[in-house]
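# Coordinates only, no sequence provided:
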């Protein structure tokens, strides 16, 4: 199962959600084999780092976002995802219109 978290720029909310969910499934080896987690942004520029604030929050709560680089949602990413979780209702609307 492929799960995708989507926000606007993929530099704050969706990377944190991805990190939290990844940590949750890593506690169960069975789930690790069944679930793949990713994040992207509806307005993201490819290659941006997570914001300083997001990195600080992630380090306090889950793990480091130092390696995270933003990426835009593409048709391919959306189509391969079994479940897309958005951070705002308008993001859902925009995804439906776009894809």
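Thanks, I have it. Just so it is clear, the structure is predicted and the values come from calculations on it, not from any experiment.
# Residue 96: what secondary structure?
Here residue 96 takes the helix state, with states given by DSSP: H, G, I helix; E, B strand; the rest coil.
# And the average pLDDT for stretch 88-99 is what?
Over the span of stretch 88-99, the pLDDT mean works out to 94.
# ok, residues contacting that stretch?
For stretch 88-99, contacts defined as C-beta atoms under 8 Å, 6 or more residues apart in numbering pick out 6-8, 42, 73, 75, 78-79, 84, 86. C-beta coordinates here come from the backbone N, C-alpha and C atoms, glycine included.
# try it again with 7 Å
In this structure, residues lying in contact with stretch 88-99 by C-beta atoms under 7 Å, 6 or more residues apart in numbering are 6-8, 42, 73, 75, 78, 84, 86.
# check contacts around the residue nearest the centre of the chain.
With distances taken as C-alpha atoms, centre = their mean, the residue of the chain nearest its centroid is residue 39 (2.1 Å). In this structure, residue 39 makes contact with 4-5, 10, 14-15, 17-18, judged by C-beta under 7 Å, 6+ apart.
# what's across from it in the sheet?
Partner residues in beta bridges with residue 39, using DSSP bridges, are residue 5.
# could the contacts of residue 39 go into TSV alongside pLDDT?
Formatted as TSV, the entries for these read as follows, by pLDDT from 0 to 100:
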residue	pLDDT
4	98
5	98
10	98
14	97
15	97
17	96
18	96
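# In the residues you listed, find the pair that's most separated.
Taking C-beta to C-beta as the measure, the contacts of residue 39 reach their widest spread between 4 and 15, a distance of 12.0 Å.
# between these two, which one's more packed in?
residue 15 (26 against 22; other C-beta atoms under 10 Å).
# Surely the more buried one touches residue 66?
No: Residue 15 sits out of contact with residue 66 when judged by C-beta atoms under 7 Å, with a separation of 10.9 Å.
# I appreciate the help and will end here.
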